[in-house]
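Enquirer: coordinates only, no sequence provided:
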Ligand SMILES: Nc1nc2c(ncn2[C@H]2C[C@H](O)[C@@H](COP(=O)(O)OP(=O)(O)OP(=O)(O)O)O2)c(=O)[nH]1
Ligand SMILES: Nc1nc2c(ncn2[C@H]2C[C@H](O)[C@@H](COP(=O)(O)OP(=O)(O)OP(=O)(O)O)O2)c(=O)[nH]1
Ligand SMILES: Nc1nc2c(ncn2[C@H]2C[C@H](O)[C@@H](COP(=O)(O)OP(=O)(O)OP(=O)(O)O)O2)c(=O)[nH]1
Ligand SMILES: Nc1nc2c(ncn2[C@H]2C[C@H](O)[C@@H](COP(=O)(O)OP(=O)(O)OP(=O)(O)O)O2)c(=O)[nH]1
Ligand SMILES: O=P(O)(O)OP(=O)(O)OP(=O)(O)O
Ligand SMILES: O=P(O)(O)OP(=O)(O)OP(=O)(O)O
Ligand SMILES: O=P(O)(O)OP(=O)(O)OP(=O)(O)O
Ligand SMILES: O=P(O)(O)OP(=O)(O)OP(=O)(O)O
Ligand SMILES: [Mg+2]
Ligand SMILES: [Mg+2]
Ligand SMILES: [Mg+2]
Ligand SMILES: [Mg+2]
Ligand SMILES: [Mg+2]
Ligand SMILES: [Mg+2]
Ligand SMILES: [Mg+2]
Ligand SMILES: [Mg+2]
Ligand SMILES: [Mg+2]
Ligand SMILES: [Mg+2]
Ligand SMILES: [Mg+2]
Ligand SMILES: [Mg+2]
């Protein structure tokens, strides 16, 4: 039709090949959202598990996405499909993680694509996120321990202002008998999702066992700043890190 | 931290000011999705109402979005937040439109932003979509009438191949006694969502009536190719058109 | 060859259709360049005429460029070809405008493309440049009058700091007997190049006169902020403004 | 001023950090240009030396450019300044390489920036250009040998159509007694410009010799596809390859 020329206003925004593609999501107004749904402070295990479930779903679709849009590998399709999938999974799986809590309104996320040319850039990106997770969690752990013990939020902020990590660790230990390093790794390190070959054993109708390798998404809560993780997983293709 | 430099790899992709910003969503694998959920053919009223509900939710948030990201007006944030909101609303409101039907898996959408410099470009874009809606719906109405009457899908395709609109109208009328122009406008014209001032009357505690103007999202199924719509709505700011 | 895949790393950067395309050039290190070549202060007529000559040459090629790259209308080709042409013309025509002065080293220019969606945006852009030209030229005229009369550069700066236009006009008139509004329009308004139909009369071998219309580039030094210019030239396609 | 808002329409197009930045220039209408100036076929030594001179000039400025625009490292500035410098140098140095030949009109070049994330991508890019140079030059050498011996251009094309390298080498040897591998390397390999530390010895006023290292641009005509070049020059920062 004579209107079809408008299609020519679409711009091509394909991504530079041979770079690491990072997609970063950020909940919109999640302070309000986590307050509205009474998430436990400083960490709500179910809320974090739900996020990991969404990330797992994205990773299970992501081969499809990459396959489906492989030739054009367009920025917008990869980015928007991931954001969309993450969002619909969040609502879809909510009731499993919060059986007793109704979802009050649909949440949303913004997303961005960032390209990293070298392996070192990617590792530095992931280290940045994990270091950030540690700093935030240590602060939040202290903050909510103080608030739960009766301080107001602004008193808690005042007490923590200017303190270094060592002081925060001591505060937790001497005031609340919390050994920070004993807290669950999920809270301290965030979550890393990778695809790994695992052995799967099935028994067929004749009762014969069969073992084969299968790629599965696994969720780790482990240090990714040091060398060990990278020596153990030299062949990582796709990785997702969540630290809130 | 020494890792923070990785933030500098993010690219600015702000949008050209003073242009019409169109966001276009497309369901991923919706052929399969609509089959899996047994949507009525050629049009499932509930499925379309659910889409309109999602679009309404996006429009109700969109002022916020535009406000919130107004200064930076970044491409990715507007686009990804809209896609995210639409997706989570789809799952959130599913049970209202399909109380008897379980949502089998979370759907997803891809999205794109297109900029149109002039009012005429925007009108041509919307006309393109509405003309497309008409062509598709006329075809689908014939196709499913034939299939419901006992033809196979490939027979139906063969019968329709090469026919012009007039012939399709006649086929519907003489074979199925369907007057195409009497079918619901939602199916033939798609849906247009605009924000309009409507009069709202409230009664306060003293029983006194108060009437005020309030901006509300309304859903229209009307011609937007001709002049009339644009004369009636000269001040449209934000508009969403859905035609599947 | 197996190396050819590297071509796929080139990104498409085509421009949004239906917008005004402005290309803006800026001499690199032209303070030093104009000092090295002893340009007259505050304005060197030959240096400005040379710039206009280069712009004319670009405009004479520009139909070709737009024609040649019309389908792809790629950003880089239009931009870089214009910058390249302007630069080589500058060196090529130097000796015509400065017959007694050797070009000491090859100058260079950076260039940028800016898109303006509406006619008003374009007019505002051009008004911005012409207003800038006026402000700069008034200042420079005062500055160099003071310096030529024996002040040092920093004394001249001190005298002018904080003065408004009216005070600068008075300073010129009372101290140097210069009526600023009588100075050549090229210095006060900059140059605008447009293509205009002019009548060309030729005499053939039989001595018969023949008159025809021909599109020619003309250089104007006139106000483009007010309405008059735009009423007189409603059909401008390509325009170049130089104001230093 | 109220017009200044138009500056906000400029888009940021900074380049992805930590990638190899390749700038590729292409003469506009150089078939016509080389015909108009009677360049020797298949290779005009002066024309190639002039190109190398321009590339050298760009490399001598390029530290400045990178320094000057280092923070913003904007796409357009690096690209357009290089194109501009190359163009003005071409006209500036013309008379040195063609003292007896007048430059008839100013030439122009288009330019593009391409980013390569890995060292291997860069090497493949350079290998692609050098392989291309070889293929073109072998063909052109045969073509012009045939034309100079009295064939028409279309006869020459017919003879060469479908021949492989070995056949072209034999044609040159048996018909024209040309050993292709003995032709100047500049024609067969193109030119590579690198910056190298060389020893410079100066004698001061007291007659005392002083030797120091100095970074200088040198022009090589050598294989860059194999390992040797890269072993000999592990620390290349900036490289320009010209092969026509
Ligand atoms: N684990 C945990 N996370 C929390 C808690 N309170 C807030 N958060 C998370 C939710 C959000 O992802 C994040 C808030 O940081 P943001 O800067 O993204 O703020 P918010 O999402 O409210 O606003 P935004 O729309 O992103 O600008 O912190 C908490 O008590 N525990
Ligand atoms: N109203 C209506 N829409 C249908 C029916 N069957 C399919 N559709 C819609 C759903 C989709 O939006 C659209 C299918 O077109 P697409 O080209 O987007 O295909 P699909 O979504 O399957 O694949 P994609 O992942 O987008 O490449 O048609 C139907 O029976 N009735
Ligand atoms: N007409 C005139 N123009 C002058 C005079 N002195 C300098 N200019 C011009 C030459 C330049 O285009 C401009 C200098 O402004 P810029 O901000 O572009 O500085 P410049 O080119 O030196 O440095 P850049 O490499 O562009 O950062 O002013 C003068 O005495 N008369
Ligand atoms: N060394 C040499 N180069 C030649 C000869 N004839 C043409 N060339 C070069 C000049 C040009 O750089 C190139 C022509 O290839 P292009 O595809 O760039 O064509 P041209 O520049 O004419 O058109 P364009 O404006 O780039 O589309 O070949 C020749 O006899 N010897
Ligand atoms: O949103 P923040 O504060 O977590 O920080 P950011 O997401 O890196 O910044 P922005 O959203 O402005 O890109
Ligand atoms: O996906 P289609 O077939 O509706 O058509 P499109 O979305 O305009 O094309 P693409 O998804 O390839 O941009
Ligand atoms: O270079 P200036 O100072 O004339 O100002 P600009 O060119 O608008 O700024 P930039 O060169 O930094 O884009
Ligand atoms: O111009 P060519 O034919 O040498 O090939 P190219 O420059 O790679 O192609 P284009 O100019 O169309 O980008
Ligand atoms: Mg955040
Ligand atoms: Mg953010
Ligand atoms: Mg957030
Ligand atoms: Mg579609
Ligand atoms: Mg599509
Ligand atoms: Mg679809
Ligand atoms: Mg300037
Ligand atoms: Mg500048
Ligand atoms: Mg300058
Ligand atoms: Mg070429
Ligand atoms: Mg080309
Ligand atoms: Mg060429």
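Expert: Received, thanks. Source: prediction; values computed, not measured. Ligands and ions are numbered 1, 2, ... in the order given.
Enquirer: quick one: the helices in chain A?
Expert: Secondary structure of chain A (DSSP state H): helices at A:30-36, A:45-68, A:75-97, A:119-148, A:153-160, A:165-176, A:185-189, A:227-232.
Enquirer: does chain B have contacts with the longest one?
Expert: Yes. Judged by C-beta under 8 Å from any C-beta of the partner chain, helix A:119-148 and chain B are in contact via A:121, A:124, A:125, A:127, A:128, A:131, A:132. Every C-beta, even on glycine, is put in place using the N, C-alpha and C of the backbone.
Enquirer: quick one: least confident helix or strand in chain A?
Expert: Using mean pLDDT, DSSP states H and E, the weakest-scoring helix or strand in chain A turns out to be strand A:239-242, at a mean of 64.
Enquirer: how about the residue located most distally from the centre of chain A, phi and psi?
Expert: The C-alpha centroid of chain A is most remote from residue A:2, which lies 46.2 Å away (C-alpha atoms, centre = their mean). The phi and psi values for residue A:2, taken as degrees, to the nearest 10, are phi -70, psi -10.
Enquirer: list the contacts of stretch A:84-100.
Expert: A:25, A:37, A:46-47, A:49-51, A:53-55, A:57-58, A:61, A:103, A:106-109, A:111, B:28, B:83-88, B:90-92, B:103, B:105-111 (C-beta atoms under 8 Å, 6 or more residues apart in numbering or on different chains).
Enquirer: quick check: buried residues in it?
Expert: A:84-94, A:97-98 (16 or more other C-beta atoms under 10 Å in any protein chain shown).
Enquirer: and those as CSV, adding distance to ligand 2?
Expert: Shown next, in CSV, are the buried residues of stretch A:84-100 (distance: C-beta to the nearest ligand atom, whole Å):
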residue, distance to ligand 2
A:84, 11
A:85, 12
A:86, 17
A:87, 17
A:88, 14
A:89, 17
A:90, 21
A:91, 20
A:92, 18
A:93, 22
A:94, 25
A:97, 28
A:98, 31
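Enquirer: isn't residue A:108 right up against residue B:81?
Expert: Yes. Here residue A:108 reaches residue B:81: they are 5.5 Å apart, a contact under C-beta atoms under 8 Å.
Enquirer: neighbour-wise, which of those two wins?
Expert: residue A:108 (28 against 25; other C-beta atoms under 10 Å in any protein chain shown).
Enquirer: quick check: neighbours shared by residue A:108 and residue B:81?
Expert: Taking C-beta under 8 Å, 6+ apart as the contact rule, residue A:108 and residue B:81 both touch A:28, B:61.
Enquirer: and the residue in chain A that chain C sits nearest to, how close does it get to residue B:3?
Expert: Relative to chain C, the nearest point of chain A is residue A:12 (4.5 Å; C-beta to the nearest C-beta). Going from residue A:12 to residue B:3 by C-beta to C-beta, to the nearest Å gives 32 Å.
Enquirer: before we move on, back to that, distance of the nearest residue to the residue of chain A closest to chain C once chain neighbours are set aside relative to ligand 17?
Expert: In this structure, residue A:12 finds its nearest non-sequential neighbour in residue C:12, 4.5 Å apart by C-beta to C-beta, 6 or more residues apart in numbering or on different chains. According to C-beta to the ion, to the nearest Å, residue C:12 and ligand 17 sit 30 Å apart.
Enquirer: and for residue A:5?
Expert: 39 Å.
Enquirer: what is the burial count for the residue nearest to that residue when sequence neighbours are not counted?
Expert: Nearest non-adjacent residue to residue A:5, counting by C-beta to C-beta, 6+ apart: residue B:124, 7.2 Å away. Neighbourhood size, residue B:124 [other C-beta under 10 Å]: 20.
Enquirer: can you check residue A:13 too?
Expert: Neighbour tally, residue A:13, other C-beta under 10 Å: 18.
Enquirer: would you confirm that it contacts residue A:78?
Expert: No. Between residue A:13 and residue A:78 there is no contact, the gap being 10.7 Å when judged by C-beta under 8 Å.
Enquirer: quick one: low-confidence ranges for chain A?
Expert: A:64-75, A:236-244 (pLDDT under 70).
Enquirer: close to chain D: what parts of it are there?
Expert: Residues of chain A lying close to chain D (C-beta under 8 Å from any C-beta) are A:16, A:17, A:18, A:19, A:115, A:116, A:117, A:118, A:121.
Enquirer: okay, and which of these map to strands?
Expert: Counting by DSSP state E, the part of the residues of chain A next to chain D found in strands is A:115, A:116.
Enquirer: domain assignment for chain A?
Expert: Domain assignment for chain A by automatic domain parsing gives A:17-117, A:191-242.
Enquirer: please identify the most buried of those.
Expert: Highest mean neighbour count of those: domain A:17-117, a mean of 19 (counted as mean count of other C-beta atoms under 10 Å in any protein chain shown).
Enquirer: is any residue of it near ligand 14?
Expert: No. If you take C-beta under 5 Å from the ion as the test, domain A:17-117 misses ligand 14, and the best it gets is 10.8 Å.
Enquirer: ok now that domain, how far from the chain's centre?
Expert: Relative to the chain's own centre, domain A:17-117 is displaced by 8 Å; criterion: C-alpha atoms, centre = their mean, to the nearest Å.
Enquirer: how long is it end to end?
Expert: 9 Å (C-alpha to C-alpha, to the nearest Å).
Enquirer: figure out which of the domains of chain A is closest to residue B:186.
Expert: domain A:17-117 (23.6 Å; C-beta to C-beta).
Enquirer: is any residue of that closest one near ligand 11?
Expert: Yes. With C-beta under 5 Å from the ion as the measure, domain A:17-117 is seen reaching ligand 11 through A:26, A:27, A:30.
Enquirer: save those as JSON lines, and put in distance to ligand 4 too.
Expert: Shown next, in JSON lines, are the residues of domain A:17-117 next to ligand 11 (distance: C-beta to the nearest ligand atom, whole Å):
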{"residue": "A:26", "distance to ligand 4": "46"}
{"residue": "A:27", "distance to ligand 4": "51"}
{"residue": "A:30", "distance to ligand 4": "54"}
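Enquirer: any idea which of these is closest to ligand 17?
Expert: Nearest to ligand 17 among those, counting by C-beta to the ion, is residue A:26 at 40.4 Å.
Enquirer: which residues touch that closest one?
Expert: A:109, A:110, A:111.
Enquirer: at 6 Å instead, please
Expert: Contacts for residue A:26 were tallied using C-beta atoms under 6 Å, 6 or more residues apart in numbering or on different chains; they are residue A:110.
Enquirer: flag every residue of chain A that's near chain B.
Expert: A:1, A:3, A:6, A:9-10, A:76-77, A:80-81, A:83-85, A:87-89, A:91-92, A:106-112, A:114, A:124-125, A:127-128, A:131 (C-beta under 6 Å from any C-beta of the partner chain).
Enquirer: near ligand 4, from these?
Expert: Applying C-beta under 6 Å from any ligand atom to the residues of chain A next to chain B, one finds that nothing falls near ligand 4.
Enquirer: how about residue A:79: what's its closest non-neighbour residue?
Expert: Per C-beta to C-beta, 6+ apart, closest to residue A:79 is residue A:113, 5.0 Å.
Enquirer: measure that neighbour to residue B:109 for me?
Expert: Distance of residue A:113 to residue B:109, given as C-beta to C-beta: 17 Å.
Enquirer: could you do residue A:161 as well?
Expert: 44 Å.
Enquirer: my read: residue A:6 touches residue B:125, true?
Expert: Yes. The pair residue A:6 / residue B:125 is scored as a contact, 4.3 Å apart, by C-beta atoms under 6 Å.
Enquirer: wait, which of the domains of chain A is closest to ligand 17?
Expert: domain A:17-117 (31.9 Å).
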